[in-house]
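> predicted coordinates and the sequence they were generated for:
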Amino acid sequence: MDSILVVDDEPTNISVLVGILGERYKLFVATDGATALEIAQKEQKPDLVLLDIVMPGLDGYQVAEKLKSNSDTKEIPIVFLTAKQDTESIVKAFNNGGSDFLSKPFKKEELLARVQNHIDAYCLKQRLKQQKKHTQTILDSQKSIIIETDGEDIINGNKAILCFSGMESIGDFKKKHKCICHLFKEQEGYIYNTENQNWIEQLIANEKQGRDSLVKMTHAQTNEDRIFLVEYKLGRNYIVTFYDVTNHIKYEERLNREITEALQKYKLQQDTLFRQSKSAAMGDMLAAIAHQLKQPINVLGLYFQSIAEDFRYGEVDEAYLENYEKKGMEQIGHMSKTIDQFKNFLKPDKSKRRYKLSLVINNILSLMEKQLKLHSITVDIDTEEIEIFGVSGEMEQVLLNLIGNSKDAIFKLQERDMELEGRIKISAVTGKEGVVIKVSDNAGGIKKENLEKIFDPYFTTKGEGGTGIGLYMTKTIIEDGLSGTICAKNIEDGAEFEIVLPKNL
């Protein structure tokens, strides 16, 4: 129930007021100024004071003045009740803190209406004050800096801004810094007042463009630069929150450095593996070249032996020498072509361009031709006319690894079955999923427990003769260089590797 302090030295007046107000309000009664001040300062303070002016001791003006000078009672509304009606008395009443003035005799309805209006206004003001205090308590509990500003002057702020700036109160802050923007460091990438745009305008512009707004400020005690993410809400004024993201940004920077270092390390490892794979492939290539060169060298040797004998028998004439030169140059040309192919493999062109898949397949098979024939291995080719955009040397290494693995697997199987005729099939078609390249053989397949590991680095089934990096690098080239996929599976009498490249490659 709302309460009223009635102050009057006349018992009759008090009786009338109690009769009118007693049923609606809790009443405190004082017949002199000193008692009134004592009651008003108790823990349960009245919501309104009805105050007579003419009283013995302290008069109404003096009581009002003392109530208004006390921080505990200064907000309690005072309504003067007096028989005085002159202008001077009315003005003096208001100057001493009166909220209203009611002349005696008063009308009941007017008294009730004015009393209730003043009590409602006072209670509303108290609720707003409590809400503001509660809001300030919540704001002060936040670690982030929160301020209220009109865009230029700071109006209010929480404890975080005081701790950061080394100030005791918002009043102290305002004396030294009209605007929080005075703390902003002028540095590229952060917002601060410029000749063309103040910081609030930059904040609004960044929000419209979906960009984060960052400010940098120096902590007053630690002298450390801190970075804040700034957000705002617009009501009567701007409510601006500064989130300290310094540690987060430092973490991101450290993480980016670690990622960069890891990528560099990974690239170095990949380069090392690629060189190892290239060396291993070069060993296989040298063996293939040895087979390729062996026949023309043997033929040239026979030519050299026969020319001496034919000369002794008088068979060497101009036509003989022309034929000898022609056949010799054919063998030398064959050897030169083989060496050029090997040289291109060692130093491939790294630039990306469109190339025909069929030419790459033929180049690899021509290098391995003698080895394949020596072990009775036939190669079936069933490919469409397909062009691929990329580095042809990378595709050559992929096919060399796959065909070479099939060749080695067939060699190993032939050690147990001399009658086995090896078969390797290479196909390439363009389907819905893209370009599909398959390399299969009849070498008995891959052990089930090895199928999931064959693309792992350093995994090999060839013992000391294998490096375990050929298929790993094959997978790396397909996925990273050609944006494709590769998988392996067993078929009826061997293994099949399937490469899928995107259509737009």
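Great, that's in hand. On a predicted model such as this, the values are computed, not experimentally measured, just so you know.
> what's the pLDDT at the closest residue to residue 351 other than its chain neighbours?
Distances taken as CB to CB, 6 or more residues apart in numbering put residue 391 closest to residue 351, at 7.2 Å, once the chain neighbours are dropped. C-beta coordinates here come from the backbone N, C-alpha and C atoms, glycine included. Residue 391 is assigned a predicted lDDT (pLDDT) of 82.
> distance of residue 391 from residue 362?
Between residue 391 and residue 362 the computed distance is 18 Å (CB to CB, to the nearest Å).
> check residue 477 too.
Applying CB to CB, the value for residue 477 to residue 362 is 20 Å.
> now residue 111
For residue 111 relative to residue 362 (CB to CB), the value is 114 Å.
> those two: who's more crowded?
Per other CB atoms under 10 Å, whichever of residue 111 and residue 362 has more neighbours is residue 111, with 18 against 12.
> surely that one forms part of a helix?
Yes: when DSSP: H, G, I helix; E, B strand; the rest coil is applied, residue 111 is found to be in a helix.
> wait, isn't it in contact with residue 102?
Yes: using CB atoms under 8 Å, residue 111 is in contact with residue 102, at 6.5 Å.
> what helix or strand does residue 162 sit in?
According to DSSP states H and E, residue 162 maps onto helix 159-165.
> helix or strand right after that helix?
helix 170-176.
> contacts for that next one?
Here helix 170-176 makes contact (CB atoms under 8 Å, 6 or more residues apart in numbering) with 153-154, 156-157, 161-162, 165, 167.
> from the residues you listed, pick the one nearest residue 134.
Among these, residue 156 lies closest to residue 134 (CB to CB), at 14.2 Å.
> Three-state assignment for the closest one, please.
Look at residue 156: counting by three-state DSSP, its state is strand.
> what's the burial count for the nearest residue to it once chain neighbours are set aside?
Distances taken as CB to CB, 6+ apart put residue 148 closest to residue 156, at 4.3 Å, once the chain neighbours are dropped. By the criterion of other CB under 10 Å, residue 148 has 18 neighbours.
> residue 148 falls within a helix, correct?
No: Residue 148 is assigned strand when assessed by three-state DSSP, not a helix.
> what sits against it?
If you count contacts by CB under 8 Å, 6+ apart, residue 148 has them with 154-157, 237-240.
> what about 7 Å?
155-156, 237, 239 (CB atoms under 7 Å, 6 or more residues apart in numbering).
> just the buried subset of these, written out for PyMOL, thanks.
To isolate the buried members of the contacts of residue 148 in PyMOL, using 16 or more other CB atoms under 10 Å:
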select buried, resi 156+237+239
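> and the contacts of residue 148, which is closest to residue 19?
Closest approach to residue 19 among the contacts of residue 148 (CB to CB): residue 156, at 46.6 Å.
> next, count neighbours for residue 488.
By other CB under 10 Å, 20 other residues sit near residue 488.
> can you pull the buried residues of the helix or strand containing residue 127?
Residue 127 belongs to helix 108-140 when assigned by DSSP H and E. Residues 111, 114-115, 118-119, 122, 139 are the ones in helix 108-140 that count as buried (16+ other CB under 10 Å).
> now the residues you listed in CSV, with distance to residue 244 and pLDDT?
Shown next, in CSV, are the buried residues of helix 108-140 (distance: CB to CB, whole Å; pLDDT from 0 to 100):
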residue, distance to residue 244, pLDDT
111, 57, 91
114, 52, 91
115, 51, 92
118, 46, 93
119, 46, 92
122, 41, 89
139, 16, 83
